[in-house]
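Visitor: Fold the following for me, if possible:
(chains A, B, C and D)
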2 protein chains.
Amino acid sequence: MSVGADGLRREEESGPAHLRPARRGGRRRDRGGATIGRVADAAGVSRATVSRVMNGSPTVAPELAARVRAAAEALNYEPSLVARSLALGRTSTVSLIVPDLSNPMFQDVLRGLSHAAAARGYRLLVAESNENAGEESILAVEARRRSDALVLAAPRLPDAELRALGERLAPLVLLNREIPGVALPSLSVDYAAGIRAIVTHLRALGHRHLAYLAGPEASTSNRDRLAALHLAAGSGPRFELTEMACGATFEDGHAVARAVVATGASAVVAYNDMVAFGVLSGLHELGIGVPDEISIAGFDDIPFARYTTPPLTTASIPRNELGRQAWDRLWALMSGEPPGHNVHFQPRLIVRDSTGPAPTGRGKEAR
Amino acid sequence: MSVGADGLRREEESGPAHLRPARRGGRRRDRGGATIGRVADAAGVSRATVSRVMNGSPTVAPELAARVRAAAEALNYEPSLVARSLALGRTSTVSLIVPDLSNPMFQDVLRGLSHAAAARGYRLLVAESNENAGEESILAVEARRRSDALVLAAPRLPDAELRALGERLAPLVLLNREIPGVALPSLSVDYAAGIRAIVTHLRALGHRHLAYLAGPEASTSNRDRLAALHLAAGSGPRFELTEMACGATFEDGHAVARAVVATGASAVVAYNDMVAFGVLSGLHELGIGVPDEISIAGFDDIPFARYTTPPLTTASIPRNELGRQAWDRLWALMSGEPPGHNVHFQPRLIVRDSTGPAPTGRGKEAR
DNA sequence: CAAGATCGAGAAACCGATTGCTGAGCCGTT
DNA sequence: AACGGCTCAGCAATCGGTTTCTCGATCTTG
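Guide: Numbers count the residues shown, from 1 in each chain, chains lettered A, B, ... in the order given. Now for the predicted structure:
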């Protein structure tokens, strides 16, 4: 580039510095890509017209439209979705926040939601809170800000905090949470009903001493199950319930296998299938027969539940359906419709081979 | 407000209507939420100052900063990420496109990527192509436009198309794809090496007739495995290879169990663990002993591979690591660094109980 | 105490789209 | 021939931020 020789360059592109209060082109940070303005120039029309053509408005003369399309094609133009979002006030994105992506429950919700949203041209933003209560609220707010709506599975978040957040996060659909006193749309699994079905099943098999492997303490779904369990235990005759702290993962279940045996319980109700698998594996290693010596019931009916040895008795919940419905609710909310009634999904008891008749002559003293 | 009395108000805010080409406030579509302008007014400062405070610029007087923060707090202000993205030319979002979200392989990549990205304040957009080649390229372009970079697992997309797309999608990292002749950064699993390990293992056990359950035809990873298999079959003595069309899911594997038996092969190499589980289940139902009568080897070492009966021999690949590394590459690319070398992850053979010595006196005629 | 350096905050350009309003051009009426 | 109506493209405001530049005020320094 000729530096000091030509006045032309300065005339065309620069000019005397002190006359330029704020130099137009000089400050522009050129981002390479084709913009609507660039296309407009190339086609010899206004930006408005380009916008109309790109959005299929019928009020543009065919000849002009063709010219615009040609220019767009030539420049490899693609409208900026960010700019579009700003102008429209809508991102066409929804967020999903789950505590644990490795949990098949949430994987299926993710899929169901993703599919349903995609059908409407919406994309899905995913975030994992890692079972961290502190993280959940931050993440929720952040994710919501990047999208138009939010599906939130936050088992650890305190009611009060969630209640306070409700307004800021709308449109919002909760998974497995109902906040008393606030009309936050929520989809939930009726864990109590599932537990009742399992307990009834085990009772019918003659079990009189159940061990419950509790999930994370802060989890409301765990509290629901526990409450249902205590209710069941209180209602029937000769029924003992031993409660053990455990967790939500395979490893958690595996770790308590020995302790389970020590309780003398003849049947185990696990917080979920993962835990049930862990116990199953642990008992197997200890040489304890399932279901001959101890019966095991899980919860969730994740895909692999039918492929274990023995196949797992569990309470099945329509996970994909949950995701799909979550989208339906979101869509309704975004369309300005009222929240509507909360949905309670009823688990279905799937009896497989991990539960069987209670062994006779074996009390908890037998240990 | 005094309406007609003072010229002052008109001077300040309105003026004769016919002099105002487009009335300022009249057209504004108010979106409710607090904006930077609103906060600026409330705090009695300029928008620039609010922006500085919100971004922690140190060049704001403490007293002012406090006032701004108070105003922001009072108005419940949250900066619009969309507007921010537009101004900064960066969305702080990356996309992941996978063919099948129910595949544990991609689930783990998803987690690894999501974690690594989150650590840098980036969020993750997820899309599923449903094993649909036509969908893949559309989805990729679309997803890329909404984010700053893309991780693409597109096993069905033709080389040519991918090559053409490469530039538009950058920064881009491919998973399990290397396009000959183009320097597209890619992370891939060395399937051939995994297959070699499996074949060597089976051979050492005395197997001389292997059945390979092929994955989806269009899948390059399937082609890689097949090539390695043929190479191995050609190199050793007395080694027969039967190739069967199958698929990538449990159901696919389950469906071909009977056909597998019919081939007379003493060992099965499945396209992946899901298929292996399917065959395992199918053989179990047929009363065929594993590994006594037929050995089965999978590929991937998904979490449940160790919990089947018998536990599955398989080739393990560091899935989480793949996701993490994908982020590292993306980050490097976004920072303007050169693509760097492609990484090939070496599978590790995990020998469990689904493979055993070849049965004697049983040829393919024995059927 | 004056001159130069420093600091801090505001004005305004910009990011890249959408859209209400305006007016030119063309049509059909009376 | 004049006029009302209708199309259709452009102007310019707008979405809600960031950032450069400018300038007045304060602080240093000789």
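Visitor: Please count neighbours and contacts with C-alpha atoms only from this point.
Guide: OK.
Visitor: Quick check, pLDDT for the residue of chain A found nearest DNA strand D.
Guide: Closest contact between chain A and DNA strand D, by Cα to the nearest atom of the strand, is at A:Val60 (2.8 Å). Listed pLDDT for A:Val60 reads 86.
Visitor: cool, and A:Ala248?
Guide: pLDDT, A:Ala248: 87.
Visitor: quick revisit: okay but the residue of chain A closest to DNA strand D is in contact with A:Thr49, surely?
Guide: Yes: A:Val60 lies in contact with A:Thr49 (Cα atoms under 8 Å); the separation is 7.4 Å.
Visitor: Looking at these two, which one has more neighbours?
Guide: It is A:Thr49, of A:Val60 and A:Thr49, that has more neighbours when counted by other Cα atoms under 10 Å in any protein chain shown, with 21 against 14.
Visitor: Pop out the phi and psi values for that one.
Guide: With angles defined as degrees, to the nearest 10, A:Thr49 sits at phi -60, psi -40.
Visitor: For it, list the residues it contacts.
Guide: Neighbouring residues of A:Thr49 by Cα atoms under 8 Å, 6 or more residues apart in numbering or on different chains: A:40, A:60.
Visitor: same thing with A:Arg208?
Guide: Residues counted as contacts of A:Arg208 (Cα under 8 Å, 6+ apart) are A:238-240, A:266.
Visitor: Is it correct that A:Val256 is in contact with A:Thr249?
Guide: No: contact criterion Cα under 8 Å: A:Val256 and A:Thr249 do not qualify, at 11.4 Å.
Visitor: before we move on, back to that, buried ones among the contacts of A:Arg208?
Guide: Neighbour counting over those (16 or more other Cα atoms under 10 Å in any protein chain shown) leaves A:240, A:266 as the buried ones.
Visitor: Could you pull out the strands in the stretch 151-300 of chain A for me?
Guide: A:172-175, A:186-189, A:209-214, A:240-245, A:267-270, A:295-297 (DSSP state E, counting those that start in this stretch).
Visitor: Run through the neighbouring helices and strands of the third one.
Guide: Yep, that's strand A:209-214 we're talking about. If you count contacts as 3 or more Cα pairs under 8 Å, 6 or more residues apart in numbering or on different chains; DSSP states H and E, strand A:209-214 packs onto strand A:240-245, strand A:267-270.
Visitor: And the contacts of A:Arg208, which is closest to B:Asp108?
Guide: A:Ser266 (36.1 Å; Cα to Cα).
Visitor: Can you name the residue of the stretch 151-300 of chain A nearest to DNA strand C?
Guide: Closest point on the stretch 151-300 of chain A to DNA strand C, by Cα to the nearest atom of the strand, is A:Pro171, at 20.7 Å.
Visitor: where does that residue fall, phi/psi-wise?
Guide: phi -70, psi 130.
Visitor: Now for the nearest residue to it once chain neighbours are set aside: which residues touch it?
Guide: Among residues not flanking A:Pro171 along the chain, A:Ala149 sits closest, at 5.0 Å (Cα to Cα, 6 or more residues apart in numbering or on different chains). Contact analysis of A:Ala149 by Cα under 8 Å, 6+ apart lists A:93-95, A:169-172, A:330, A:334.
Visitor: One more pass at 6 Å, please.
Guide: Counting by Cα atoms under 6 Å, 6 or more residues apart in numbering or on different chains, A:Ala149 touches A:94, A:171-172.
Visitor: Next: A:Ile97.
Guide: A:127-128, A:152-153.
Visitor: How about A:Leu152?
Guide: A:Leu152 makes contact with A:96-97, A:174-175, according to Cα under 6 Å, 6+ apart.
Visitor: Please list the residues of the stretch 1-150 of chain A that sit near chain B.
Guide: Contacts of the stretch 1-150 of chain A with chain B, taken as Cα under 6 Å from any Cα of the partner chain, map to A:82, A:86, A:124-126.
Visitor: can you check the stretch 201-350 of chain A too?
Guide: Near chain B, when you scan the stretch 201-350 of chain A using Cα under 6 Å from any Cα, you find A:Thr308.
Visitor: What ranges does the stretch 201-350 of chain A have for its helices?
Guide: For the stretch 201-350 of chain A, the helices defined by DSSP state H, counting those that start in this stretch occupy A:220-235, A:250-255, A:257-263, A:273-286, A:319-334.
Visitor: mean confidence score for the third one?
Guide: In this model, helix A:257-263 has an average pLDDT of 96.
Visitor: ok so, going back, in a strand, that's where the residue of chain A closest to DNA strand D is, yeah?
Guide: No: per DSSP: H, G, I helix; E, B strand; the rest coil, A:Val60 lies outside any strand segment and is coil.
Visitor: That one and A:Leu75, how far apart?
Guide: For A:Val60, the distance to A:Leu75 (Cα to Cα, to the nearest Å) stands at 21 Å.
Visitor: do A:Arg90 as well
Guide: To A:Leu75, A:Arg90 is 26 Å away according to Cα to Cα.
Visitor: go on, A:Val343?
Guide: Relative to A:Leu75, and taking Cα to Cα, A:Val343 is found at 50 Å.
Visitor: tell me which element the one residue in chain A that gets nearest to chain B is part of?
Guide: Per Cα to the nearest Cα, A:Leu125 is where chain A lies closest to chain B, at 4.4 Å. Per DSSP states H and E, A:Leu125 falls inside strand A:123-128.
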